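Undergrad: here's a sequence, model it:
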Amino acid sequence: MPSNTQRMGRKPLALGLIAIAVALVAAGVVSRRSQASQVKEASTPVVPLVSVLAVGQSNSASLELPARIEPWARAPIYARVSGYLKNWNVDIGAPVKSGQTLADIETPDLDQQLLQAKAELATARSNLTLAASTAKRWQGLLAADAVSHQEADEKAGDLAAKQSAVNAMQANVDRVQALQRYTRLVAPFDGVITARNTDVGALINVGGAVGSELFVVSDISRLRVYVNVPQRQVAAIKVGDKAELSVPERPGKTFTATVQSLSQAINASSGAMLVQLTVQNDNRELLPGGYASIHFDAPLASSALSIPPSALIFNKGGTQVATLGKDNHVVLKQITVGRDLGNALEVASGIDHNDQVIANPPDGVATGDAVRVAAANTAKGKL
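TA: Got it, this is the predicted structure:
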């Protein structure tokens, strides 16, 4: 039998174990209640907070578009005869005058063709002389009834054939001589050499394919500027209008361009009309083939609407915006963007003045989703 002292020592130990057990049970209950609360909060849908702006009126009175610069006239110089380049007189960037010699081509094969053609012509002329004297002699014999009319006609026919042969040989000589004139390459107009694709001793072949030109002469004293104007703005552009042209290599400087012609047709693939402008380039500051920006001071349609770029939604449905519908529910609308103004986008179709556009639509937003509207951004304002 345990003594009283032993029983008294076991009692505090039992009480401690009971206290630990009670603490563990209490901790489990509290943890379970906390987890249940978190699950309840997670199951409650979160309504996103959005900013809403009224559709703004586009007040831009200008039109800025990308353009490309081309020379007023551009002539690729191709070889009309085969041979070897004997020499060239001008290099890229050199100014040239109309008729100035650019290069000379050696044509040994063509030279031999000319000698052959001249020899054949000489033979044909000798045969013609003989045929002419024979035909004349037979005409005299025919007058004396020494030969028949048939034989006299045969000699006259032979004379005509020999004359035709002489004419053909003469034409061949003229053809080869005409080709020999192309051994000298000349500039067709005043301009600048913008390309040289040959060198002394290079084999020259007759060609006309892109990339086979020997030189390129460009008139850059005046330039053509081509720009594609969207269909919505074509009515504001007319022949004689002025525009400002700027290029990246001349920051801060603008040039005056004049509308010269309009294609009078809309390109089906781009939805724009090609417009040609001209600009003087007396100081050679503009470079043909370069990129430029054209600024028209052209009034735009008064019905144009604008939205911020952040309002756009791109998904499988196309280009859309989220608008605020009844009871703060989202309504997605598909739109057509007219042009990008930088800090705003012109909308060609899809929304009207009464729509309230969500400026920051949440990811994955769909028609019917509920949203909370930030009170500070519900006021109607200009974009």
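Undergrad: how about the helices in the protein?
TA: 4-43, 108-143, 149-180 (DSSP state H).
Undergrad: lowest average confidence across these, which one?
TA: Of all the helices of the chain, mean pLDDT reaches its minimum on helix 4-43 (a mean of 61).
Undergrad: what's the neighbour count on the residue nearest to Pro66 when sequence neighbours are not counted?
TA: The shortest distance from Pro66 to any non-neighbouring residue, by CB to CB, 6 or more residues apart in numbering, is to Ser293 (6.2 Å). Backbone N, C-alpha and C define where each C-beta goes, glycine included. Number of residues near Ser293 (other CB atoms under 10 Å) recorded here: 15.
Undergrad: going forward, the N-terminal residue is numbered 517.
TA: In the new numbering, first residue 517, that becomes Ser809.
Undergrad: Ser809 contacts Ala759, doesn't it?
TA: No. Between Ser809 and Ala759 there is no contact under CB atoms under 8 Å: 10.0 Å.
Undergrad: next, the contact list for the residue nearest to Lys769 when sequence neighbours are not counted, please.
TA: Spatial nearest neighbour of Lys769, chain neighbours left out: Ser762 (7.0 Å); criterion: CB to CB, 6+ apart. Going by CB atoms under 8 Å, 6 or more residues apart in numbering, Ser762 touches Lys769, Thr770, Phe771, Ala808, Ser809, His811.
Undergrad: so Ser762 versus Leu840, what's the distance?
TA: Note on Ser762: its distance to Leu840, by CB to CB, to the nearest Å, is 40 Å.
Undergrad: okay, and the beta partners of the most centrally placed residue in the chain?
TA: Here the mean C-alpha position of the chain is nearest to the C-alpha of Arg584 (CA atoms, centre = their mean), at a distance of 8.5 Å. In this structure, Arg584 bridges to Tyr742, Tyr807 when assessed by DSSP bridges.
Undergrad: need the contact list for it.
TA: Val741, Tyr742, Val743, Gly805, Gly806, Tyr807, Ala808.
Undergrad: how about 7 Å then?
TA: Tyr742, Tyr807, Ala808 (CB atoms under 7 Å, 6 or more residues apart in numbering).
Undergrad: most surrounded residue in those residues?
TA: Highest count within these by other CB under 10 Å belongs to Ala808, 24 neighbours.
Undergrad: how close does that one sit to Trp604?
TA: 32 Å.
Undergrad: same thing with Asn799?
TA: Taking CB to CB, one finds Asn799 at 28 Å from Trp604.
Undergrad: neighbour count: the two, which is higher?
TA: Between Asn799 and Trp604, Trp604 has the larger neighbour count (other CB under 10 Å), namely 19 against 8.
Undergrad: how many other residues sit next to Ile874?
TA: 25.
Undergrad: pretty sure it contacts Ala838?
TA: Yes. Counting by CB atoms under 7 Å, Ile874 touches Ala838, with 4.2 Å between them.
Undergrad: nearest residue to Asp871 in space, please, no chain neighbours.
TA: Thr839 (4.8 Å).
Undergrad: please read the previous query as pertaining to Arg641.
TA: Val682 (5.6 Å).
Undergrad: low pLDDT regions in the protein?
TA: Along the chain, segments meeting pLDDT under 70 span 517-533, 537-561, 572-578, 814-820, 855-858, 891-899.
Undergrad: could you list the domains of the chain?
TA: 566-576+819-893, 617-702, 734-812 (automatic domain parsing).
Undergrad: so which of these is nearest Val708?
TA: When the domains of the chain are compared by CB to CB, domain 734-812 sits nearest Val708, at 5.7 Å.
Undergrad: picking up where we left off before, report the contact partners of the residue nearest to Asp871.
TA: Val847, Lys849, Ile867, Asp871, Gln872, Val873, Ile874.
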